[in-house]
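*Asks:* here's a sequence, model it:
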Amino acid sequence: MNISVFVLMVCLIGVHADVQPQRDFNLQRFAGRWYRVGLAYDSPSFLPHKEKLRVTAGVIAPQPNGSVNLTMWAMRPSGCVSALYQYERTNTPGHYNYFSTRHNRTKDITVVETNYTEYALVLKNKRFDREYTQVALYGRTQKLRHEIIQKFRTFSTARGFPRDSIITPHVSENCPPSAPGNGHGRQH
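*Replies:* So this is what the prediction gives:
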């Protein structure tokens, strides 16, 4: 292993290791509708497609066992589609695991910071041929205050994301439609 690969691996491990979930995380307060209004992603395949991304909508539904169902809607060429993600609780409130059937991998999700009524910073970590990380900014509305967007950008750059991998996508029209059940569902 050459030295640059080793240094990169140490940096990526350090990027995720120092992140802790929201203190006193309250799942019931976190439940409900959220919009993904910002995304930082370190996958090289992400950059060519970043201009096509739009704000996506989701609903967090707590389960009796402390796990979470997340239904997300996104606009695709075929229209507004939905996907169901099942996040399994861990022993740490605000930290979840889920198995991606699309990638055939377990990923972890950490709610790093939220004020419950306006925004949430969420870190997603997964390992393929190397470790990949995403930071997502969620809002209760599709547009957030400039200070919140700046907080997201600062958080992401502090974790080593290049500026060109940090985006705030365009607003998506009518997705989900007024009746959320109209999307074509699939499970990940």
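*Asks:* and Glu173, how far from Val37?
*Replies:* For Glu173, the distance to Val37 under the criterion C-beta to C-beta, to the nearest Å works out to 15 Å. Yep, even glycine has a C-beta here, placed from its N, CA and C like the rest.
*Asks:* quick one, helices of this structure?
*Replies:* Remark: helices of the chain, listed N- to C-terminal, are 3-17, 27-30, 146-158; assignment by DSSP state H.
*Asks:* sorry, back to before: and Glu173 and Val37? Which one has more around it.
*Replies:* Relative neighbour count places Val37 above the other of Glu173 and Val37, with 24 against 9, counting by other C-beta atoms under 10 Å.
*Asks:* now do the contacts for that one.
*Replies:* 55, 137-139, 142-144, 149, 168-169 (C-beta atoms under 8 Å, 6 or more residues apart in numbering).
*Asks:* model confidence score at it, please.
*Replies:* At Val37, the predicted lDDT confidence score is 96.
*Asks:* do the same with Tyr132
*Replies:* As summarised for this prediction, Tyr132 has a pLDDT of 69.
*Asks:* low-confidence ranges, the protein, go.
*Replies:* Low-confidence regions of the chain, defined by pLDDT under 70, span residues 1-18, 126-132, 177-188.
*Asks:* now do the strands in it.
*Replies:* Along the chain, the segments classed as strands by DSSP state E run 32-41, 56-62, 68-76, 79-89, 95-100, 105-114, 119-127, 131-139, 166-167.
*Asks:* will you turn those strands into TSV that also has distance to Asn26?
*Replies:* Written out in TSV, the entries for the strands of the chain read as follows (distance: least, C-beta to C-beta, whole Å):
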stretch	distance to Asn26
strand 32-41	12
strand 56-62	10
strand 68-76	13
strand 79-89	13
strand 95-100	14
strand 105-114	9
strand 119-127	12
strand 131-139	15
strand 166-167	28
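*Asks:* indicate which one of those is closest to Arg159.
*Replies:* If you check each of these against Arg159 by C-beta to C-beta, strand 131-139 wins as the nearest, at 6.8 Å.
*Asks:* for the closest one, buried residues please.
*Replies:* In terms of neighbour count (16 or more other C-beta atoms under 10 Å), strand 131-139 has its buried residues at 132-139.
*Asks:* go on, stretch 94-114?
*Replies:* Of the residues in stretch 94-114, those scored as buried under the neighbour-count criterion (16+ other C-beta under 10 Å) are 94-96, 98, 107-114.
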